[in-house]
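In: just to be clear, the model below is a prediction. Sequence and coordinates:
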Amino acid sequence: MAARAPKTALAEAKPKTIYQRLGVPQRINAAGTLTRLGGSLMAPEVLLAMAQAAEASVDISELQSAASRVIAACTGAQAGIVTSGAAAGLTLATAACLAGWDVNRMAALPDTRAMPHRVLMARTHRNSYDHAVRLAGAEIVDIGHNDRGTGAGVRGLEAWEIEAAIDARSAAFLFVATPDTLADLPMVMATAHQHGLPVIVDAAAQLPPRSNLKTFIEAGADLVVFSGGKAIGGPQPSGILAGRRDLVGSALVQMMDMDVSPQTWSPSALIDRDALKGIPHHGIGRGFKVGKEEIAGLLVALERFVARDEDAIAEQFTARLQAIAAALSEAPSLTARLIARDGVDQHVPLLELTFAGSAHALSRRLQHGMPPVHLGERLAHQNVLTINPQTLRPDDDAVLVRCLIESSRSAV
Ligand SMILES: *Cc1c(COP(=O)(O)O)cnc(C)c1O
């Protein structure tokens with residue numbers, strides 16, 4: 001037996017964090033709830049729910065039924081399930097619109113040759129999450145022009161353009177919600193619904209404000225997806241799919257473990273057994289399973305998100321950003337500008353830093369520093385980097401300022 005190591009001051013010190021043990025540096029994240037940086041930081045209450053959930057077995061479809069009650073209460077939707085993220089929610093939403101309760105279609109996906117399979121969307125809404133829709137087997141048909149985007153004209157998508165694109169091959173309309181697209185939503189809903197076409201709304205990042213949990217369902221969305229790992233503060237690989245009960249049920253059955261025996265299968269009330277001609281096999285969503293821990297964590301995070309004081313949080317963020325801006329007066333090559341929360345299209349206050357040199361070079365230097373620091377790069381092509389306070393821990397602020405002052409000196 002090896003002799004016990006003598007106790008040193010080091011051994012008595014704080015136990016190493018999991019990241020220290022793995023040799024992975026912790027990063028200062030002023031870029032927001034980005035998936036590649038691990039999404040949101042979770043509250044202890046959320047972690048406790050996940051730990052409790054981990055210690056017992058439950059029927060996942062019963063747990064999803066309980067989730068449905070919580071999500072319905074928060075969104076006003078008929079039903080809802082926890083998904084493994086909003087992107088998974090888009091695939092499942094598409095699969096639900098493609099297959100409904102048809103077991104043959106569920107079995108065929110992503111082969112959609114024998115079913116209506118076109119998902120319509122405005123050309124101006126196309127983005128890299130479209131892949132999640134195509135993954136279910138849908139073909140995206142984009143319509144309209146990008147006149148506003150290019151400055152070539154004044155009009156957005158119009159009803160006649162949607163109507164001209166709807167035919168027997170259409171399965172759904174996908175609407176990507178942002179403050180800029182919201183004005184078009186009533187027209188899209190009315191036109192699509194006139195032709196019996198369900199509307200899926202991608203509202204993954206449209207929180208806060210918490211009122212948006214209800215906005216899209218109230219506007220008539222058949223299905224809406226939200227990220228759980230962004231502002232809600234749930235587990236990073238979680239999301240919400242809410243909407244029509246039949247479509248949510250179809251999505252659920254297409255993501256569940258279906259290795260069940262017909263004699264004993266007793267699915268939750270979300271699944272309409274009478275509407276199913278047989279018991280589906282593992283569906284297109286089987287790879288998107290959510291754990292009981294993620295379901296429990298998301299639900300607790302959602303309840304906290306709904307109950308929190310949005311004004312007070314925004315005021316705290318603003319005060320911290322103002323203090324950071326003031327401290328950055330020591331960095332002459334940086335000009336800070338507070339983008340205040342206005343409750344219209346700016347729901348989280350931000351600090352924009354205009355850099356006298358190349359913002360990409362500064363960002364690269366910050367990311368390779370110690371500790372590594374991440375700022376928002378969406379406007380880097382205009383030499384602007386953004387500080388988003390949502391994932392910035394209070395202890396991070398002073399370190400962030402020091403890193404910015406040092407890096408901005410050497411990167412000019
Ligand atoms: C973040 C985001 C998604 C993906 O959300 P996940 O929860 O990370 O899967 C989809 N659509 C939009 C518009 C997003 O911003």
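Out: Received the coordinates, thanks.
In: residue 193 touches residue 220, doesn't it?
Out: Yes. With contact defined as C-beta atoms under 8 Å, residue 193 reaches residue 220; the gap is 6.6 Å. Placement of C-beta: from N, CA and C, glycine included.
In: overlap in contacts of the two?
Out: Both residue 193 and residue 220 are contacted by residue 199, under the criterion C-beta atoms under 8 Å, 6 or more residues apart in numbering.
In: if we ignore the residues flanking it in sequence, what's nearest residue 295?
Out: Residue nearest to residue 295 in three dimensions, not counting chain neighbours: residue 82, with 4.5 Å by C-beta to C-beta, 6 or more residues apart in numbering.
In: do you know the pLDDT at that neighbour?
Out: At residue 82, the pLDDT value in this model is 98.
In: who is it paired with across the strands?
Out: For residue 82, the beta-bridge partners are residue 240 (DSSP bridges).
In: which ones are touching residue 253?
Out: Per C-beta under 8 Å, 6+ apart, neighbours of residue 253: 106, 267, 271, 276, 280, 283.
In: check residue 134 too.
Out: residue 140.
In: what residues does the stretch 251-400 of the chain put near the ligand?
Out: Residues of the stretch 251-400 of the chain lying near the ligand by C-beta under 6 Å from any ligand atom: none.
In: leaving out the residues flanking it, which one is nearest to whichever residue of the stretch 251-400 of the chain sits closest to the ligand?
Out: Here the stretch 251-400 of the chain gets closest to the ligand at one residue, residue 288, 9.9 Å apart by C-beta to the nearest ligand atom. Sequence neighbours aside, residue 88 is the residue nearest to residue 288 in space, at 4.0 Å (criterion: C-beta to C-beta, 6+ apart).
In: cool, residue 62 as well?
Out: residue 268 is the one closest to residue 62 (C-beta to C-beta, 6+ apart), at 5.3 Å.
In: next one: residue 406
Out: Nearest one to residue 406, counting by C-beta to C-beta, 6+ apart, is residue 369 at 7.6 Å.
In: count of neighbours near the closest residue to the ligand within the stretch 1-150 of the chain?
Out: When distances are taken as C-beta to the nearest ligand atom, the stretch 1-150 of the chain reaches nearest to the ligand at residue 85, 2.9 Å away. Neighbour count of residue 85, defined by other C-beta atoms under 10 Å: 28.
In: so where does the residue nearest to residue 62 fall, helix or strand?
Out: Using DSSP states H and E, residue 268 maps to neither a helix nor a strand.
In: one more: residue 338?
Out: Per DSSP H and E: strand 334-339 holds residue 338.
In: that strand pairs with which strands?
Out: strand 350-355 (antiparallel).
In: show me what the strand it pairs with is in contact with.
Out: Taking C-beta under 8 Å, 6+ apart as the rule, strand 350-355 contacts 321, 324-325, 328, 333-339, 362, 375-376, 379, 383-389, 404, 408, 411.
In: now do the buried residues in that strand.
Out: Of all the residues in strand 350-355, those buried under the rule 16 or more other C-beta atoms under 10 Å are 350-353, 355.
In: from the chain's centroid, how far away is it?
Out: 24 Å (C-alpha atoms, centre = their mean, to the nearest Å).
In: quick check, pLDDT for the closest residue to residue 386 other than its chain neighbours.
Out: Residue nearest to residue 386 in three dimensions, not counting chain neighbours: residue 376, with 3.3 Å by C-beta to C-beta, 6+ apart. On pLDDT, residue 376 comes in at 98.
In: could you do residue 3 as well?
Out: 50.
In: ok, which stretches of this protein are strands?
Out: 28-30, 79-83, 118-122, 139-143, 170-176, 199-202, 223-227, 239-243, 334-339, 350-355, 373-375, 384-387 (DSSP state E).
In: next one: the second one to chain centre, how far?
Out: What it means is strand 79-83. On C-alpha atoms, centre = their mean, the centre of strand 79-83 falls 13 Å from that of its chain.
In: distance check, the closest residue to residue 226 other than its chain neighbours against the ligand.
Out: Of all residues not flanking residue 226 in the chain, residue 240 sits nearest, at 4.4 Å (C-beta to C-beta, 6+ apart). Distance, residue 240 to the ligand, by C-beta to the nearest ligand atom, to the nearest Å: 9 Å.
In: residue 240 against residue 229, yeah?
Out: No. With contact defined as C-beta under 8 Å, residue 240 does not count as touching residue 229 (10.9 Å).
In: who's more crowded, those two?
Out: residue 240 (32 against 27).
In: need the contact list for the more buried one.
Out: Per C-beta under 8 Å, 6+ apart, neighbours of residue 240: 71, 75, 80-83, 86, 89, 224-226, 228, 232, 298, 302.
In: and these, which are buried?
Out: 71, 75, 80-83, 86, 89, 224-226, 228, 232, 298, 302.
In: what about residue 179, neighbour count?
Out: Residue 179: 12 neighbours (other C-beta under 10 Å).
In: OK, contacts around it?
Out: Taking C-beta under 8 Å, 6+ apart, one finds 344-345 in contact with residue 179.
In: if I look at it, how far off is residue 35?
Out: The spacing between residue 179 and residue 35, counted by C-beta to C-beta, to the nearest Å, is 22 Å.
In: now residue 245
Out: Distance, residue 245 to residue 35, by C-beta to C-beta: 29 Å.
In: which one's more surrounded, the two?
Out: The neighbour count for residue 245 versus residue 35, taken as other C-beta under 10 Å, is higher for residue 245 (16 against 13).
In: tell me the domain boundaries of this protein?
Out: As given by automatic domain parsing, the domain ranges for the chain are 18-38+309-411, 57-307.
In: skip the chain neighbours and tell me the closest residue to residue 31.
Out: Residue 31 sits nearest to residue 374 (C-beta to C-beta, 6+ apart), 4.2 Å away.
In: test my guess that that neighbour contacts residue 367.
Out: Yes. In terms of C-beta under 8 Å, residue 374 counts as a neighbour of residue 367; the distance is 6.1 Å.
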